[in-house]
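S.K.: This is a predicted model, with the sequence first.
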Amino acid sequence: MEVKTRAPGKIILSGEHAVVHGSTAVASSIDLYTFVSLRIATPSDDQDSLKLHLKDMALEFSWPITRIREAFPESTTVFSSMPTSCSMESARAIAALVEQQNIPEAKFGLAPGISAFLWLYSSIQGYKPATVVVSSELPLGSGLGSSAAFCVALAAALLAFTDSVLVDVNHQGWLSFGAKDLDLVNKWAFEGEKMIHGKPSGIDNTVSTYGNIISFKSGNLTHMKSTMSLKMLVTNTKVGRNTKALVAGVSERMLRHSDAMAFVFSAVDSISKELTAIIQSPTPDELSVTEKEAKIEELMEMNQGLLQSMGVSHTTIETVLRTTLKYKLSSKLTGAGGGGCVLTLLPTCTVVDKVIAELESCGFQCFTAGVGGKGVELSFVEPS
Ligand SMILES: Nc1ncnc2c1ncn2[C@@H]1O[C@H](COP(=O)(O)OP(=O)(O)OP(=O)(O)O)[C@@H](O)[C@H]1O
Ligand SMILES: C[C@@](O)(CCO)CC(=O)[O-]
Ligand SMILES: [Mg+2]
C-alpha cells in the first residue's frame, strides 16, 4: 500500500515578519501543491534502507536503517501522536546523516529540508524501511511557502500509516483529514518548519494544512469567510533567498530599534485587522466591490512600506512595484521577501496582458494564483 499526499503553497496578503513578533497576518492557500508519496517496504521488497527521492531535482538519498536506528536510539512510533522538537543531540545526529549524502554544492540549500525529513520520518515511522518521493509545483525559496507545504505533505503521509489518525484506506481519490487529525498534521509540520526557518510563526504550515483564507495571530488561527473573490497576480523575481536569514535579520533590527519596530509591528497588526474586516464585510450592503478593492490596494501599499522599513525588500521587488504602478496596480512582496515573489491585486475587469509582458521582459515570471482552496489531502494508491 502506498499513500500520496498533497499540500498547497500560500500567499501572505498582509503581516509577514510582523506575525513572528505577535502581529495579526492574513494568508491564503493557493492552487499549487507539493506532493509526497510514501511506500513502506514489505518483507518481500527486501529493502533495508530509507530512501528519499527529490524528483524535481533528480536527487536520491538513501540511509541504511541500521544508521537511522543508531542516530535515533530513542525513536519509536509511539511518539507519533506527540509532536516533539528536535533536540540538540538529534540535530547533531541528523547533521551527520545529511553530511554522508554528499549533496552537490549548488544544492546545499536543501540540507535543512532533508534534516526536517529525517526528524519527521524517524519520529513518526521509527525504523521502517520505506521510499519517499517528493515533487512540487511551487518554486522553492520564493515566498510561496514551499518549506511549509513540504513539511505538511510529509507529516500527513507519515501519519496516514499510524494509529494516531483515522483515515478510510478504501476511499477513491483525494480525501481530507478530520479536524483533530489536521491539528496533529499541523503540529508535526510546525516541528519540521522550525528546522528550516529557525523561528517560524506557524502561519505557513497552518494555511497549508487547513487551506482557505485565514487570519493568524500568536499561533491562533481564525478561518475567514470571504465575501469577495480576490484575484492575484504573482510575479517571481527569481532572486533566491532564505527565509531563516531574513527572519533573523528582522529580529536583529528589532533588538537594535525596539521602540520603533514595535510601532511598525503594531501598524501591520492594524492593517491586517482592517483587511480581515474588508474581506469579510457583506457586499453590497456596506461597500461596493470596487470600493473594497481600492481599500485593499491601499493597505497592500502601506504594508509594503512597512516591510521596506523592516529591511526585507529588494531592488527587483521595487522594480515590480514601479512597473505595476504604471498600470495603476498595487503590489507588495509576499512571504519572507529579499527577492522571491510579489503579489499584485487584480481588481475586477483588469486586463493583465500588457503588465505581464512588461514584467516578463524584465526577466520575471508571472502567473495568476487561485486563492483560498483546500488544505492538505491524501489518497491511497494500490501497488501496481
Ligand atoms: N519540494 C521540496 N523538496 C525538498 N526540500 C524542500 C522542498 N520544498 C522546500 N524545501 C526546503 O525548504 C527550503 C525553502 O524554504 P524557505 O522557507 O527558505 O522558502 P519558502 O518556504 O519557499 O518561502 P517562504 O518561507 O517565504 O514562504 C528549501 O531550501 C528546502 O530546504
Ligand atoms: C516571514 C514569515 O512571516 C512568513 C514566511 O512565509 C515567517 C513566518 O511567519 O514564519
Ligand atoms: Mg518557508
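M.R.: Nice, thanks for sending it over. Residues are numbered from 1 along each chain as shown. Ligands and ions are numbered 1, 2, ... in the order given.

S.K.: Assess the claim that residue 309 and residue 264 are in contact.
M.R.: Yes. Contact criterion Cβ atoms under 8 Å: residue 309 and residue 264 qualify, at 5.6 Å. C-beta coordinates here come from the backbone N, C-alpha and C atoms, glycine included.

S.K.: For the residue in the stretch 101-250 of the chain that ligand 1 sits nearest to, what is the enclosing helix or strand?
M.R.: Closest residue of the stretch 101-250 of the chain to ligand 1, Cβ to the nearest ligand atom: residue 113 (2.8 Å). Here residue 113, judged by DSSP states H and E, is contained in helix 111-125.

S.K.: Quickly run through the sheet partners of the helix or strand just after that helix, with directions.
M.R.: Next along the chain after helix 111-125, taking DSSP H and E as the criterion, comes strand 130-136. Sheet pairing of strand 130-136 (DSSP bridges) gives strand 25-40 (antiparallel), strand 49-54 (parallel).

S.K.: relative to helix 111-125, how tilted is strand 130-136?
M.R.: Taking axes from the mean of the first three to the mean of the last three Cα atoms, to 10 degrees, strand 130-136 and helix 111-125 form an angle of 140 degrees between their directions.

S.K.: Other residues contacting the helix holding residue 113?
M.R.: 40, 50, 52, 61, 63, 68, 71-72, 75, 77, 79-80, 84, 86, 90-91, 94-95, 97-98, 101, 103, 130, 132, 147, 150-151, 154-155, 158-159, 161-162, 188, 191-193, 195-196, 244 (Cβ atoms under 8 Å, 6 or more residues apart in numbering).

S.K.: Could you report the neighbour count for the closest residue to residue 203 other than its chain neighbours?
M.R.: Spatial nearest neighbour of residue 203, chain neighbours left out: residue 216 (4.5 Å); criterion: Cβ to Cβ, 6 or more residues apart in numbering. The local packing of residue 216 (other Cβ atoms under 10 Å) involves 23 other residues.

S.K.: where does residue 216 fall, helix, sheet strand or coil?
M.R.: Taking DSSP: H, G, I helix; E, B strand; the rest coil as the rule, one finds residue 216 in the strand state.

S.K.: ok, now residue 312?
M.R.: Following three-state DSSP, we place residue 312 in the coil state.

S.K.: Leaving out chain neighbours, which residue sits closest to it?
M.R.: residue 337 (3.5 Å).

S.K.: what sits against the one you found?
M.R.: Residue 337 touches 16-17, 143, 241, 246, 307, 312-314, 317, counting by Cβ under 8 Å, 6+ apart.

S.K.: Looking at the residues you listed, which are in helices?
M.R.: Using DSSP state H, the subset of the contacts of residue 337 located in helices is 246, 307, 317.

S.K.: now the strands: where do they sit in the stretch 101-250 of the chain?
M.R.: For the stretch 101-250 of the chain, the strands defined by DSSP state E, counting those that start in this stretch occupy 130-136, 175-176, 213-217, 220-223, 232-236.
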